[in-house]
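# sequence-free structure coming up:
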């Protein structure tokens, strides 16, 4: 039996299943690889959380995002915090940082209201030390 020639100059017949795909096979392969990498990443995060109890993502010397497990008495859940520089800078050696914290308690308890606090820091050598709370900022609405 002779192969059917659908493309001029080609001696191969496209498979019926290839013609029925909504996208090229290479897209399907790339999507499969992407899903596999995503699954490995999620697995890595879960193992890290189980072993270390927290995941920290540093953004410079002072900024960070953090997720940690809560295991206090009967309470179980997750804590989330993010810290960012609101005035000054790491380069000058004096900065005020704002930290926002939120807790998600598992088992039917309501999520807590987010808490935010601000602290000014000064760098002495390689160590940052607290110089107190942030100055009160007046808003345009006042």
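It's in. In this text, all values refer to a predicted model and were calculated from it rather than measured experimentally.
# quickly list the domain ranges of this structure.
Using automatic domain parsing, the domains assigned to the chain come out as 15-52, 53-133.
# and the strand or helix carrying residue 128, what's buried?
Using DSSP states H and E, residue 128 sits within strand 127-133. Under the neighbour-count criterion of 16 or more other C-beta atoms under 10 Å, strand 127-133 has residue 128 buried. Bear in mind the C-beta positions are built from the backbone N, C-alpha and C, glycine included.
# pLDDT on that strand, on average?
For strand 127-133, the mean pLDDT works out to 88.
# which strands and helices lie in contact with the helix ranked longest in the chain?
Scanning the chain for the helix with the most residues, using DSSP state H, yields helix 25-52. Under the contact criterion of 3 or more C-beta pairs under 8 Å, 6 or more residues apart in numbering; DSSP states H and E, helix 25-52 touches strand 54-59.
# what packs against the strand it packs on?
Using 3+ C-beta pairs under 8 Å, 6+ apart, strand 54-59 sits against helix 25-52, strand 63-72.
# low pLDDT regions in the chain?
Per-residue confidence of the chain (counting by pLDDT under 70) places the weak regions at 1-19, 108-111, 136-142.
# rewinding a little: most packed of the domains of the chain?
Highest mean neighbour count of the domains of the chain: domain 53-133, a mean of 13 (counted as mean count of other C-beta atoms under 10 Å).
# any idea how far apart the tips of it sit?
29 Å (C-alpha to C-alpha, to the nearest Å).
# before we move on, the earlier item: could you check the angle the longest helix of the chain makes with strand 54-59?
Compare the direction of helix 25-52 with that of strand 54-59 by axes from the mean of the first three to the mean of the last three C-alpha atoms, to 10 degrees and you get 110 degrees.
# not counting its own residues, what contacts the strand holding residue 128?
Applying C-beta atoms under 8 Å, 6 or more residues apart in numbering, the external contacts of strand 127-133 come out as 61, 62, 94, 117, 118, 119, 120, 121, 122, 123.
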